[in-house]
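fold the stuff below for me.
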Amino acid sequence: MTNVQSENINPQTKIILLVEDNPDDVELTLRALKTNNIRNEVVVVNDGAEALDYVFGTGAYAGRDTSIMPVVILLDLKLPKVDGLEVLKRLRSDERTKLIPVVVLTTSDEEKDMVESYKNGANSYIRKPVDFASFREAVQQLKVYWILLNEPPPDSKS
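Modelled structure (predicted):
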């Protein structure tokens, strides 16, 4: 599992897109994925604009094979450039991306953030636990449901 650039991704790989601006949270998430034996390719982007560029194959990701979409997007809300709620709105407003599972993974405990996330099409809302053991358990649950059990609609399979 690495922070990969999309041109090296095998079309059969189930990609996890991690949208997170805090380097410590990126490291914590990658460590929790590894600890849970999640071997998926992980693409890490550090702000909302970069997330949209990756998904839609624009900007620094122009020319990326956009037929290969993430199996799940782990989205922080408090992001520079374009906030997580706006990223979510843009993903849900486009036919190519509206069915990609999006898990909001945030430190926000504000009820309005949770309500707005669900209103805008989040599939799940998870508050980041502070300690690693709790976070590892949350990631294990993500693995079991979103990567192993969940069957995406045929139109969204990569």
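
give the partner strands of the helix or strand where Leu105 lies in its sheet and their orientations.
Secondary structure from DSSP states H and E places Leu105 in strand 102-106. Strands adjacent to strand 102-106 in the sheet, as given by DSSP bridges, are strand 72-75 (parallel), strand 124-127 (parallel).

show me what contacts Glu116?
Glu116 makes contacts with Leu85, as judged by C-beta atoms under 8 Å, 6 or more residues apart in numbering. To be clear about C-beta, it is placed using only N, CA and C from the backbone, and glycine gets the same treatment.

now with 10 Å?
Residues near Glu116 by C-beta atoms under 10 Å, 6 or more residues apart in numbering: Leu77, Gly84, Leu85, Leu88, Lys89, Val104, Glu110, Ala122, Tyr125.

separate out the buried members of those.
Leu77, Gly84, Leu85, Leu88, Lys89, Val104, Ala122, Tyr125 (16 or more other C-beta atoms under 10 Å).

show me which helix runs longest in the chain.
Determined from DSSP state H, the single longest helix within the chain is helix 23-35.

now do that one: which elements does it pack against?
Contact here means 3 or more C-beta pairs under 10 Å, 6 or more residues apart in numbering; DSSP states H and E; on that basis helix 23-35 packs against strand 16-19, strand 42-45, strand 102-106, helix 132-142.

switch the cut-off to 6 Å
Helix 23-35 is packed against helix 132-142, with contacts defined by 3 or more C-beta pairs under 6 Å, 6 or more residues apart in numbering; DSSP states H and E.

so how far is Ala133 from Lys112?
Distance, Lys112 to Ala133, using C-beta to C-beta, to the nearest Å: 29 Å.

low pLDDT regions in the protein?
Low-confidence regions of the chain, defined by pLDDT under 70, span residues 1-12, 129-130, 143-158.

one more time with 90, if that's ok
Low-confidence segments of the chain (pLDDT under 90): 1-14, 24-25, 28-40, 71, 105-110, 124, 126-158.

now, which of the buried ones among the contacts of Glu116 sits nearest Ala32?
Within the buried ones among the contacts of Glu116, proximity to Ala32 (C-beta to C-beta) peaks at Val104, which comes in at 16.4 Å.
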